[in-house]
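S.K.: the amino acid sequence is not available; the structure is as follows:
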């Protein structure tokens with residue numbers, strides 16, 4: 001990809017994924033801090049400094065694809081980045097089925113989840129399809145949600161009946177479920193692994209964030225909660 005660059009910026013090259021996403025290759029061996037020097041971290045003030053709430057990494061990135069590029073995108077990330085694809089699955093969304101396929105590196109340090117609307121076409125579906133998300137890993141999802149609320153941002157509201165359903169199908173303690181309800185935290189389990197996560201509202205009709213906590217070797221993405229999240233985001237946009 002051609003890229004306009006200030007003389008003081010790092011020299012990093014990019015290629016375009018099938019949907020137009022720019023994939024940058026950032027050498028780690030440049031003098032100084034390399035490409036990280038392009039970002040003025042000193043200008044960012046951490047409201048929760050010293051509070052013990054830490055984002056440890058980017059857990060995964062979710063990219064919504066145009067219908068005609070879904071399989072091509074999967075091939076692109078397999079070929080260019082050497083990622084291994086998981087099996088495709090389909091989940092119910094307010095406007096029809098959404099197909100999802102995750103890809104990951106061997107050490108799971110890089111995860112990309114591709115999503116595409118299977119049935120919903122047209123202007124409305126295309127507008128919904130631009131929404132992307134970034135998931136951050138944390139060690140304590142409850143502390144992260146409470147810190148975000150203390151900072152003035154409420155997590156995406158989740159309907160109460162979701163937690164009533166959790167009471168019927170899991171052995172989570174009532175106090176834990178109530179704390180999850182207060183913070184919009186969702187739950188999934190696979191074998192001995194557990195996955196707790198919450199979302200922000202959509203920002204500017206384009207992007208939303210997720211915070212996740214994995215325990216017990218959980219490797220999924222909370223697919224059982226995808227329909228709940230999409231419905232909650234639609235309700236939030238309607239409000």
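M.R.: Looks like it came in fine. What you see is a predicted model; the values in this text were computed from it and never measured.

S.K.: show me where this structure has strands.
M.R.: Secondary structure of the chain by DSSP state E: the strands cover 13-16, 22-25, 55-64, 84-85, 89-93, 96-104, 111-117, 132-138, 186-190, 193-199, 207-215.

S.K.: mind listing the strands the third one pairs with, and their directions?
M.R.: Sheet partners assigned to strand 55-64 using DSSP bridges are listed as strand 111-117 (parallel), strand 132-138 (antiparallel).

S.K.: so which bits of it are buried?
M.R.: For strand 55-64, burial by neighbour count (16 or more other Cβ atoms under 10 Å) applies to 59, 60, 62, 63, 64. For the C-beta atoms, the positions are set from N, CA and C on the backbone; glycine is no exception.

S.K.: list just the nearest of those to residue 10.
M.R.: The nearest member of the buried residues of strand 55-64 to residue 10, counting by Cβ to Cβ, is residue 63 at 24.1 Å.

S.K.: need the contact list for the closest one.
M.R.: 17, 19, 21, 73, 112, 113, 114, 115, 132 (Cβ atoms under 8 Å, 6 or more residues apart in numbering).

S.K.: from the residues you listed, list the buried ones, please.
M.R.: By 16+ other Cβ under 10 Å, the contacts of residue 63 give 17, 19, 21, 73, 112, 113, 114, 115 as buried.

S.K.: wait, the second one sits on residue 66?
M.R.: To tie it back to what came earlier, the one meant is residue 19. Yes. Residue 19 lies in contact with residue 66 (Cβ atoms under 8 Å); the separation is 5.7 Å.

S.K.: which residues of this protein fall in helices?
M.R.: Ranges of helices in the chain, per DSSP state H, are 70-81, 123-128, 141-150, 160-169, 174-183, 226-238.

S.K.: other SSEs contacting the first one?
M.R.: Judged by 3 or more Cβ pairs under 8 Å, 6 or more residues apart in numbering; DSSP states H and E, helix 70-81 is in contact with strand 84-85, strand 96-104, strand 111-117.

S.K.: please point out which parts of the second one sit buried.
M.R.: What it means is strand 96-104. For strand 96-104, by 16+ other Cβ under 10 Å, it's 98, 99, 100, 101, 102, 103, 104.

S.K.: neighbouring contacts of that strand?
M.R.: The contact list for strand 96-104 (Cβ under 8 Å, 6+ apart) reads 60, 70, 74, 77-78, 83-92, 110-120, 125, 221, 223, 226, 230.

S.K.: only whichever of those are buried, select them in PyMOL.
M.R.: Selection of the buried residues among those in PyMOL, burial being defined by 16+ other Cβ under 10 Å:
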select buried, resi 60+70+74+77+83+86+91+110+111+112+113+114+115+116+117+120+221+223+226+230
